[in-house]
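Visitor: Model the structure of this input:
(one chain, ligands or ions: 1)
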Amino acid sequence: MDMNCIPVKRRLSLIIAIGHEANGIDVDQVIDGEGLTCLPGLMDCHVHLTMDGNPDPFRDMSGDSEADGSFLAVRNARKQLDAGVTSVRNLGSQYNIDIALRNAIEKGMIEGPCVIASGKPIVMTGGHAHNMAIEADGVDEVRKAARTQLKAGADLLKLMATGGIITPGVDPGATQLDEDELRCACSEASKAGKMTAAHAQGREGIKNAIRAGITTVEHGIYLDEELIGMMLESGTYLVPTLSAPFNIAENGLDGDIPQHAIEKTKIVMDDHKNSFIQAYMAGVKIAAGTDAGTPFNFHGKFPKELELMVGYGMGELDALRSATVIAAEAMSLLDKTGSVEVGKTADLLLVEGNPLENISDVRNVAYVFKEGKCVTAKREKSPYKV
Ligand SMILES: [Zn+2]
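Guide: Below you'll find the predicted structure:
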């Protein structure tokens, strides 16, 4: 994908030709990418734009008004864009702020990445992340919650199949919503042509989610051969979010992270890493996601996730695919973006160096284009040759 220029029709915001095929075409502008590598805009499949990466985000969130959360979301959306992330999937925000943010970005009121928004997650009473969620127990209540979220404009449903790390008093290994509850939500989403994502860390919860027909398993800490076989058979995606435990372990008590989150992280970290490696080796579809917003997991730090994946044995090309074409598939955006192809939206990232040789080069952002518009320029020279 090393090209010198890609012409862009601003009105349509589409890529109309690539490389030498561009010669002689009458275009509105020319992006000078000499010496840079051009990638599709990156796509983060798991973020929380209303959370800031503070040591105890759920504690802080409980004091946030809708307005507080909205300002955070606007700022964090900007940080994502500046890092070359042109699409995000927001898997949980209080007050459905991410849905309103998506609409504001689509209307051009503010700049940000394309947001695929779940709004409020659906959890059992007292379940993981209950302070930003709809609590629902039993199939009928889950059906009502699912329909409520779809009515509110959610692009997908986020469901809690197990406990999690940063909610006090819940165990990552324990199941939460039952299989019939998950199946009901998946069926409601499917009827509306929407997808689903399950926070699923423990083995039984992951199994429940796959059986229920979930689109993506988030975290997938305790995978084994049987679960991997089921994921391969049903085409379930894994979004590993390696950054989430990494940042908690890195910062620990010095960073004022609650003791319970540190203890749980210590217990799960090795299994999480091993599950990722096993799933990758077996050929499970892996879509990159950071869980940005969790402790010290700041927005705009997507490259760390790719570095962790490569550090654990994933090839550079596969890591980039997980953050572009596979992520686009998992977000149901592949017909619009996720690759540099004629006819697709001009979401592009130009970096110094070559991330196929050194994945950390995705940090060297020169320009970011969203829908053909230069939204971030870190090179002094103008990118335009008019
Ligand atoms: Zn999350």
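Visitor: Does the spatially most central residue of the chain fall in a helix, a strand, or a coil region?
Guide: In the chain, the residue lying closest to the centroid (CA atoms, centre = their mean) is residue 45, at 1.9 Å. Secondary structure assignment for residue 45 (DSSP: H, G, I helix; E, B strand; the rest coil): strand.
Visitor: and the gap between it and residue 305?
Guide: 10 Å (CB to CB, to the nearest Å). Placement of C-beta: from N, CA and C, glycine included.
Visitor: Which neighbours do these two have in common?
Guide: Shared contacts of residue 45 and residue 305 (CB atoms under 8 Å, 6 or more residues apart in numbering): 288, 289.
Visitor: ok, back up a step: so what's the residue nearest to the centre of the chain up against?
Guide: Here residue 45 is in contact with 88, 89, 216, 237, 239, 287, 288, 289, 327, 330, 331 (CB under 8 Å, 6+ apart).
Visitor: same check, this time on residue 211
Guide: 179, 183, 230.
Visitor: What pLDDT does the model give it?
Guide: pLDDT for residue 211: 98.
Visitor: start at 9 instead
Guide: All set: I'll call the first residue 9, so the last point we hit is now residue 219.
Visitor: how about whichever helix or strand it is part of: buried residues?
Guide: Per DSSP states H and E, residue 219 falls inside helix 211-220. If you call a residue buried by 16 or more other CB atoms under 10 Å, then helix 211-220 has these buried ones: 211, 212, 213, 214, 215, 216, 217, 218, 220.
Visitor: Look at the third one and report its pLDDT.
Guide: Think residue 213. Model confidence at residue 213, expressed as pLDDT, equals 97.
Visitor: how much space is there between the residue nearest to it when sequence neighbours are not counted and residue 136?
Guide: Leaving aside its chain neighbours, residue 213 sits nearest to residue 170 (3.4 Å; criterion: CB to CB, 6 or more residues apart in numbering). Using CB to CB, we find residue 170 at a distance of 7 Å from residue 136.
Visitor: between the two, what contacts are shared?
Guide: Overlap of the contact sets of residue 170 and residue 136 (by CB under 8 Å, 6+ apart) consists of 184, 207.
Visitor: And the two? Which one has more around it.
Guide: residue 170 (29 against 26; other CB atoms under 10 Å).
Visitor: who are the neighbours in contact with the more buried one?
Guide: Taking CB under 8 Å, 6+ apart, we find residue 170 in contact with 136, 180-184, 207-210, 212-214.
Visitor: and it, bridged to which residues?
Guide: Counting by DSSP bridges, residue 170 is bridged to residue 183.
Visitor: Over to residue 378?
Guide: Going by DSSP bridges, residue 378 forms beta bridges with residue 381.
Visitor: Number of residues surrounding it?
Guide: Residue 378: 26 neighbours (other CB under 10 Å).
Visitor: Let me have the contacts of residue 170 in CSV, adding distance to residue 369 as columns.
Guide: Below are the contacts of residue 170 laid out as CSV (distance: CB to CB, whole Å):
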residue, distance to residue 369
136, 36
180, 34
181, 38
182, 41
183, 41
184, 40
207, 32
208, 33
209, 32
210, 36
212, 40
213, 37
214, 34
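Visitor: which one of those residues is nearest residue 354?
Guide: Set against residue 354, the nearest of the contacts of residue 170 by CB to CB is residue 207 (33.3 Å).
Visitor: any idea which element the closest one lies in?
Guide: Using DSSP H and E, residue 207 falls within strand 203-208.
Visitor: what's that strand packed up against?
Guide: Other helices and strands packing on strand 203-208, by 3 or more CB pairs under 8 Å, 6 or more residues apart in numbering; DSSP states H and E, are strand 164-168, helix 187-199, helix 211-220, strand 224-227.
Visitor: Switch those over to JSON lines; also include distance to residue 258.
Guide: Formatted as JSON lines, the helices and strands packed on strand 203-208 follow (distance: least, CB to CB, whole Å):
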{"stretch": "strand 164-168", "distance to residue 258": "25"}
{"stretch": "helix 187-199", "distance to residue 258": "33"}
{"stretch": "helix 211-220", "distance to residue 258": "26"}
{"stretch": "strand 224-227", "distance to residue 258": "18"}
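Visitor: Quick check: the residue nearest to residue 213 vs residue 367, distance?
Guide: 30 Å.
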